[in-house]
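Visitor: my questions are about this predicted structure, shown below with the sequence.
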Amino acid sequence: MKDAKIQWHPGFVAAMGLELAGNRDDLVFEKEYNLNTKPLEIDLLVVRKNAAASISNEIGRLFKGHNIIEYKSPEDHLDIDTFYKTGAYASLYKSYGKTVDEIKADDITVSIVREARPDGLFQYLKGHGYSMENRYKGIYYIEGKVLFPTQIVVTGELEKEGHIWLKALSGKLGKEEMRGLLDGISRLTEKMDRELADAVLEVSVVANKQVIRELIGDEKMCQALMEIMEPFMQQRDEENIEKGIEKGKIYGMVSAYRDLGVPENEILKKVQEKFRLPLEEAKEYL
């Protein structure tokens with residue numbers, strides 16, 4: 001059976017919420033912001049509440065009052081048409097103020113985020129009168145004929161320290177990178193941060209199943225991994241709860257753990273504990 005399409009965008013919105021967590025009180029996050037009644041949506045709109053506040057994360061150093069962010073998943077292309085489309089979204093956003101010129105053009109920025117460097121787009125821009133400045137590692141400011149300050153964020157080139165959330169949105173994570181993500185999640189204490197991290201983890205787990213299987217084979221990592229992934233497993237479980245059949249709930253849980261290579265004895269133990277089943281009855285679901 002073909003794997004379900006990975007839902008990268010919810011993970012991206014959550015990752016940005018964690019990347020900019022240091023300025024959460026200064027910003028408003030509007031995911032899938034509708035430009036009008038037609039299906040035109042900005043992936044993420046970040047509105048700056050406090051103009052005087054300094055943004056600690058370098059991705060936000062460009063930010064002004066209204067910040068339009070377009071995310072391209074590892075499966076999507078980033079070409080000149082996408083570049084212009086994002087600029088057009090920013091122009092439409094500016095034009096939809098409640099009064100004429102309510103949103104000032106010099107108070108808008110554009111960011112495009114992608115894992116891999118868009119070499120074709122960069123070559124096009126250089127050949128058509130634009131200039132680029134690699135202001136920070138993985139962050140390129142586009143200057144010249146742009147209507148608004150614009151940056152392209154290449155997450156695969158970002159520093160590991162401080163950017164574990166965006167870098168987790170990849171299907172190429174190694175064991176050390178996954179360990180780093182899990183360690184980062186384990187150190188979170190705020191409820192909102194944990195919820196955002198769960199959304200990032202769900203995407204990363206689906207995109208990196210082989211790495212998860214390898215980590216589960218490590219006895220030192222197995223227990224910690226399963227504890228951190230519990231919310232993810234609960235979500236898989238809840239999909240079956242909607243069917244209203246307890247057997248479906250149990251089989252769904254067993255299937256989820258098997259997909260990740262969890263040993264049979266560990267699955268059996270989890271089934272017994274969660275559903276309070278006798279050993280022989282629990283074995284029937286394996």
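Guide: Received, thanks.

Visitor: any stretches of the stretch 1-150 of the chain with poor pLDDT?
Guide: Along the stretch 1-150 of the chain, segments meeting pLDDT under 70 span 1-4, 32-40.

Visitor: can you map out the strands along it?
Guide: 27-34, 41-48, 66-72, 108-114, 131-136, 139-143, 150-154 (DSSP state E, counting those that start in this stretch).

Visitor: JSON lines for these, including mean neighbour count?
Guide: Placement of C-beta: from N, CA and C, glycine included. Shown next, in JSON lines, are these (neighbours: other C-beta atoms under 10 Å):
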{"stretch": "strand 27-34", "mean neighbour count": "15"}
{"stretch": "strand 41-48", "mean neighbour count": "20"}
{"stretch": "strand 66-72", "mean neighbour count": "23"}
{"stretch": "strand 108-114", "mean neighbour count": "23"}
{"stretch": "strand 131-136", "mean neighbour count": "13"}
{"stretch": "strand 139-143", "mean neighbour count": "19"}
{"stretch": "strand 150-154", "mean neighbour count": "23"}
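
Visitor: just put those in TSV and tack on distance to residue 193.
Guide: What follows is the strands of the stretch 1-150 of the chain, written out as TSV (distance: least, C-beta to C-beta, whole Å):
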stretch	distance to residue 193
strand 27-34	14
strand 41-48	17
strand 66-72	20
strand 108-114	20
strand 131-136	24
strand 139-143	23
strand 150-154	21
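
Visitor: out of these, nearest to residue 122?
Guide: strand 131-136 (6.6 Å; C-beta to C-beta).

Visitor: mind giving me the packing neighbours of that closest one?
Guide: helix 119-127, strand 139-143 (3 or more C-beta pairs under 8 Å, 6 or more residues apart in numbering; DSSP states H and E).

Visitor: nearest to residue 46, of these?
Guide: strand 139-143 (15.5 Å).

Visitor: remind me what that closest one packs against, helices and strands.
Guide: Here strand 139-143 touches strand 131-136, strand 150-154, going by 3+ C-beta pairs under 8 Å, 6+ apart.
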